[in-house]
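**Q** let me see the structure of the following:
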Amino acid sequence: MNNQNEKNGEIVKVSGSLVVAQGLKEPKMYDLVNVGHEKLAGEIIEIKEDKSFIQVYENTSGIGPGEPVFLTNKPISVELGPGLIESIYDGIQRPLNLLYQKSGEYIVRGINVPGINREKKWKFKPILKIGDIVKGGDILGTVEETVLVLHKIMVPPYIEGEIIEIKEGSFTVEEIVAKIKTQEGEKNISMLQIWPIREPRPVNKKIMPNELLITGQRVIDALFPVAKGGVVAVPGPFGSGKTIIQHQLAKWANADIVIFVGCGERGNEMTDVLQEFPELKDPKSGEPLMKRTILIANTSNMPVAAREASVYTGITIAEYFRDMGYNVALMADSTSRWAEAMREISGRLEEMPGEEGYPAYLGSKIAAFYERAGKIVCLGSDNRQGSLTVIGAVSPPGGDLSEPVTQNTLRVVKVFWGLDSQLAYARHYPAINWLTSYSLYTEGLGDFMQKEIANEWPEMRTIAMSLLQKEDELKSIVQLVGVDSLSYQEQLILITTKSIKEDFLQQNAYDDVDTYTSLNKMFWMLKNILEFYKASILLLEKGMLFKEIIDLPIRKEIAQMKFIPEVDINKLKEILNQIQKIQ
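**A** Residues are numbered from 1 along each chain as shown. Predicted coordinates for the structure are as follows:
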């Protein structure tokens, strides 16, 4: 390998974050290079004859032709090992707290700090012994990284052989904890793995997602569910609540590990995330949520190239924890900024533009990213399973869902939570439009929902959706000739759907009780609304006056169901008993 201090080439052109160098010795695509006297981090993204086109991850102002370029002969990679959890990184895995200690409020160009602490010692407990035959993915031992995460030290992929030495005790991530005798010779194994961010980590096989990712958000879990290992697009205009939804999912989803990638978002939004997350409590354990969370922050004023790398950094770290057998949730906010970074870099490469100036390969890049999600059988001998769920926010300009990023995303994802600005302006959150959104996991999750909730759940969901669609049809009639032109049965539909929307789908993220709803509570809430609708139809048929029906006191109790704590769930069953008595 070349010495990193040895000059390999020199700059001949600078265009924003794109630097053109010549004279590099045997450059390779996606190799990491150090640019200029300050050794700014960059990546080779195109090679033409003697010229190498380099995407620089830092501000290039002041850099000019003639300055040196240094090859590292390795692709841009992330460091994987104990110390990842609770970290806050920039787009290329530099810990922000260390950057602050070294350079203060503003990141100094060319500063380089390792992604994982090299000095901290971790207590390694082996679970295998000398003489055991292992292969890539097998778990050698464990490290208690936080009170919520047991870090499993795995044999790196593509290594297979016999353990000839394994240690117990406290070690740094670089110290040798095991030696494996392979056909190519002895391999020293430490707790640190380094993996190229653009290369998906290998798996034994992918399997169909069939378990619900419980989010605690009723509109999602009831109407548009996502499976563990699924992929979701959350498009919506400015102010429609994309970030709030992602925060709610990060806090409440039943994932073991949460990774939040702030890709090109406004600095004030990302500041809120960085300040709020360390203060959030994990509702299941009472511990700080950061004990199972990793944050990657790359704001809109940071270099555009690092924005493009940040989503790959996040998903590679997510794959690593998935390989341990964990259920991982990755939130990417927002993939539109990532696509804009690709567009900017493509323009500087003078590539032929596609639709709206985006590169022609936009669709394949988006597809390749989302395809790294999934439920898998992990590498190794124990057939453990892990999952990686990717939830990508999309910020279409002006809320136009026909633009290329949204359309290319919808081709590959199976869940679409369409955010509606009108709902947001009406203070209806989550502002997910029930008429335009969909989930293709509903059928595959049918058995799970019947087992975990009730056999009648799929039918209840169908009835609720059909009522909401019927209400949309009736609204056009009401706007033309007024509500009094409808029959009493049709007016009951409007009253019921109003209850479904306001008492069930609408949820307050800032209310201690309403912020999260279990599957059991969700079932009883919807059942009470639908049972009151059935009872109202029967009362009408028996001759009861319409006004008397809508003035029944039980309606007030239905409206307050969302504020009943989980511990008082029997109160929901009492409401059902009262509904049955009035029939």
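**Q** low-confidence stretches in this protein?
**A** Within the chain, the stretches with pLDDT under 70 are 1-7, 266-268, 300-303.
**Q** got the domain boundaries for it?
**A** 9-75, 80-114+204-451, 122-191, 453-582 (automatic domain parsing).
**Q** I'd like to know which of those domains is closest to Ile197.
**A** Nearest of those to Ile197, taken as Cβ to Cβ: domain 80-114+204-451 at 4.0 Å. Heads up, the C-betas are built off the backbone N, CA and C, glycines and all.
**Q** how far does the closest one sit from its chain's centre?
**A** How far domain 80-114+204-451 lies from its chain's middle: 3 Å, per Cα atoms, centre = their mean, to the nearest Å.
**Q** so the closest residue to Leu24 other than its chain neighbours bridges to which residues?
**A** Take Leu24 and drop its neighbours on the chain: the residue closest to it by Cβ to Cβ, 6 or more residues apart in numbering is Gly9, 3.9 Å away. Counting by DSSP bridges, Gly9 is bridged to Val69.
**Q** mind listing what Gly9 touches?
**A** Contacts for Gly9 (Cβ atoms under 8 Å, 6 or more residues apart in numbering) come out as Ala21, Gln22, Gly23, Leu24, Lys25, Ser52, Pro68, Val69, Leu71.
**Q** any chance of JSON lines for the residues you listed, columns distance to Tyr441?
**A** Listed next are the contacts of Gly9 as JSON lines, based on distance: Cβ to Cβ, whole Å:
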{"residue": "Ala21", "distance to Tyr441": "47"}
{"residue": "Gln22", "distance to Tyr441": "51"}
{"residue": "Gly23", "distance to Tyr441": "53"}
{"residue": "Leu24", "distance to Tyr441": "47"}
{"residue": "Lys25", "distance to Tyr441": "50"}
{"residue": "Ser52", "distance to Tyr441": "44"}
{"residue": "Pro68", "distance to Tyr441": "52"}
{"residue": "Val69", "distance to Tyr441": "48"}
{"residue": "Leu71", "distance to Tyr441": "46"}
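**Q** Throw those into CSV and include secondary structure and neighbour count, thanks.
**A** Shown next, in CSV, are these (DSSP: H, G, I helix; E, B strand; the rest coil; neighbours: other Cβ atoms under 10 Å):
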residue, secondary structure, neighbour count
Ala21, strand, 27
Gln22, strand, 15
Gly23, coil, 16
Leu24, coil, 22
Lys25, coil, 10
Ser52, strand, 27
Pro68, strand, 18
Val69, strand, 27
Leu71, strand, 25
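**Q** which one of those sits closest to Glu58?
**A** Val69 (14.0 Å).
**Q** isn't the closest one up against Asn8?
**A** Yes: under the contact definition of Cβ atoms under 8 Å, Val69 touches Asn8, with a separation of 6.0 Å.
**Q** rewinding a little: now distance to Arg198 too, for the domains of the chain, in JSON lines please.
**A** Formatted as JSON lines, the domains of the chain follow (distance: least, Cβ to Cβ, whole Å):
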{"stretch": "domain 9-75", "distance to Arg198": "6"}
{"stretch": "domain 80-114+204-451", "distance to Arg198": "6"}
{"stretch": "domain 122-191", "distance to Arg198": "16"}
{"stretch": "domain 453-582", "distance to Arg198": "35"}
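**Q** tell me how far the residue nearest to Leu24 lies from Pro75.
**A** Using Cβ to Cβ, to the nearest Å, Gly9 is found at 18 Å from Pro75.
**Q** for Gly325, what are its contacts?
**A** Lys152, Cys378, Arg384, Gln385, Gly386.
**Q** helices along the stretch 251-400 of the chain, start to end?
**A** With DSSP state H, counting those that start in this stretch as the criterion, the stretch 251-400 of the chain has helices at 267-276, 304-323, 335-348, 362-370.
**Q** quick one, which of those helices is nearest to Gly161?
**A** Nearest to Gly161, of all those, is helix 304-323, at 19.2 Å by Cβ to Cβ.
**Q** what's the closest of the contacts of Gly325 to Glu340?
**A** Gly386 (31.6 Å).
**Q** ok, the residue lying closest to that closest one once chain neighbours are set aside - how many residues close by?
**A** Spatial nearest neighbour of Gly386, chain neighbours left out: Arg322 (4.0 Å); criterion: Cβ to Cβ, 6+ apart. Residues lying near Arg322 (other Cβ atoms under 10 Å) number 29.
**Q** wait, what's in contact with Arg322?
**A** Val328, Ile376, Cys378, Gly386, Ser387, Leu388.
**Q** mind redoing it with 7 Å?
**A** Val328, Ile376, Gly386, Ser387, Leu388 (Cβ atoms under 7 Å, 6 or more residues apart in numbering).
**Q** check Leu468 too.
**A** Trp434, Leu435, Thr497, Ile500.
**Q** put the buried members of these into a ChimeraX selection.
**A** Selection of buried members from the contacts of Leu468 for ChimeraX, criterion 16 or more other Cβ atoms under 10 Å:
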select :434,497,500
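**Q** looking at the contacts of Leu468, which one is closest to Arg218?
**A** Using Cβ to Cβ, these come closest to Arg218 at Ile500, 10.0 Å.
**Q** what sits against that closest one?
**A** Shown in contact with Ile500 (Cβ under 7 Å, 6+ apart): Ala464, Leu467, Leu468, Ile529.
**Q** same deal with Leu295?
**A** With Cβ under 7 Å, 6+ apart, Leu295 has these contacts: Ile88, Phe260, Val273, Leu274, Phe277.
**Q** which one of those residues has the most neighbours?
**A** That'd be Phe260 among these, by other Cβ under 10 Å, with 25 neighbours.
**Q** tell me the bridge partners for it.
**A** Bridge pairing for Phe260 - DSSP bridges - gives Leu295, Met331.
**Q** test my guess that it contacts Ala332.
**A** No: taking contacts as Cβ atoms under 7 Å, Phe260 lies outside contact range of Ala332: 8.5 Å.
**Q** returning to that earlier point: okay if I get the contacts of Gly325 as JSON lines plus distance to Gly110 and neighbour count?
**A** Below are the contacts of Gly325 laid out as JSON lines (distance: Cβ to Cβ, whole Å; neighbours: other Cβ atoms under 10 Å):
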{"residue": "Lys152", "distance to Gly110": "35", "neighbour count": "21"}
{"residue": "Cys378", "distance to Gly110": "38", "neighbour count": "24"}
{"residue": "Arg384", "distance to Gly110": "42", "neighbour count": "18"}
{"residue": "Gln385", "distance to Gly110": "43", "neighbour count": "18"}
{"residue": "Gly386", "distance to Gly110": "37", "neighbour count": "23"}
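**Q** how about those residues in TSV, adding distance to Val415?
**A** Compiled in TSV, the contacts of Gly325 are given as follows (distance: Cβ to Cβ, whole Å):
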residue	distance to Val415
Lys152	29
Cys378	24
Arg384	26
Gln385	21
Gly386	20
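**Q** tell me which of those fall in strands.
**A** Using DSSP state E, the members of the contacts of Gly325 that fall within strands are Lys152, Gln385, Gly386.
**Q** of these, closest to Gln193?
**A** Nearest to Gln193 among the ones in strands among the contacts of Gly325, with distances taken as Cβ to Cβ, is Lys152, at 11.8 Å.
**Q** isn't the closest one right up against Leu140?
**A** No: applying Cβ under 7 Å, one finds Lys152 not in contact with Leu140, separated by 8.4 Å.
**Q** which SS class is Tyr106?
**A** coil (DSSP: H, G, I helix; E, B strand; the rest coil).
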